[in-house]
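Enquirer: Sequence and computational prediction follow.
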Amino acid sequence: MGEPGTIVSDHRSRIDLRRGVLRRFFDVTDAYGNITSVTERRLVSMATPHLCAIELVLVPRNWEGTVELRSVLDGSVTTSETVEERLLPHPHLEPEASGVDLPDFSWIVMSTNQSKVRVATAARTVVQPLPRSAAVHRVTIPVDPSHEEEPVTVAIGHDLVVEVGAGARCTSRRW
């Protein structure tokens, strides 16, 4: 959706505070005039704060073809919205380990660089219709460019390719 010439229109959102669900609805038109309707549903829980889920439904309106989905756990994300957060050294997370189990499970372990608190995140992504292909997506950075150490993984997940028809739903669920 981030390609040049892409237009997002008819954006609406609804939040259900009782159930902890945010729903977003919008249409995407690409540079070729292909229109895709998108429905996104996000769930968070105050009762179980380490649990969240997202569902993405794509419906091609006037085209058929291939959809490429990327589901990635990104350990390089920083928080810098407050003065205190901006004072932290960036990046303040260091990668420790990561892995994938095709076709749908990925995990990453990071630690804070000052207090060494470990943070582990895992995700399972299920797509319907079933992907035509699935590949591991891994982003690595060198630990120290002056040494010949192996690069470390800072983001890991899956690239999924799905064939869709006009009017047919492509649903991705991640939790």
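Expert: Yep, that arrived.
Enquirer: Would you tell me which strand is longest in the protein?
Expert: In the chain, taking DSSP state E as the definition, the longest strand is strand 152-164.
Enquirer: Quick one: name whatever helix or strand follows that strand.
Expert: As assigned by DSSP states H and E, the chain's next helix or strand after strand 152-164 is strand 170-174.
Enquirer: Tell me the strands beside that next one, with direction?
Expert: Paired strands of strand 170-174, with direction, are strand 52-60 (antiparallel), strand 118-128 (antiparallel) (DSSP bridges).
Enquirer: Just want the angle from that strand to strand 152-164.
Expert: Calculated by axes from the mean of the first three to the mean of the last three CA atoms, to 10 degrees, strand 170-174 forms an angle of 150 degrees with strand 152-164.
Enquirer: Could you tell me which residues within strand 170-174 count as buried?
Expert: By 16 or more other CB atoms under 10 Å, the buried positions in strand 170-174 come out as 170, 172-174. For every residue, glycine as well, the C-beta is placed using N, CA and C.
Enquirer: before we move on, the earlier item: so what does the longest strand of the chain touch, helix or strand wise?
Expert: The contact analysis (3 or more CB pairs under 8 Å, 6 or more residues apart in numbering; DSSP states H and E) places strand 152-164 against strand 65-74, strand 93-101, strand 105-112, strand 118-128, strand 133-141, strand 170-174.
Enquirer: and the strands paired with strand 170-174 as a markdown table, adding mean pLDDT, mean neighbour count and distance to D30?
Expert: Below are the strands paired with strand 170-174 laid out as a markdown table (pLDDT from 0 to 100; neighbours: other CB atoms under 10 Å; distance: least, CB to CB, whole Å):
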| stretch | mean pLDDT | mean neighbour count | distance to D30 |
| --- | --- | --- | --- |
| strand 52-60 | 95 | 17 | 11 |
| strand 118-128 | 92 | 16 | 20 |
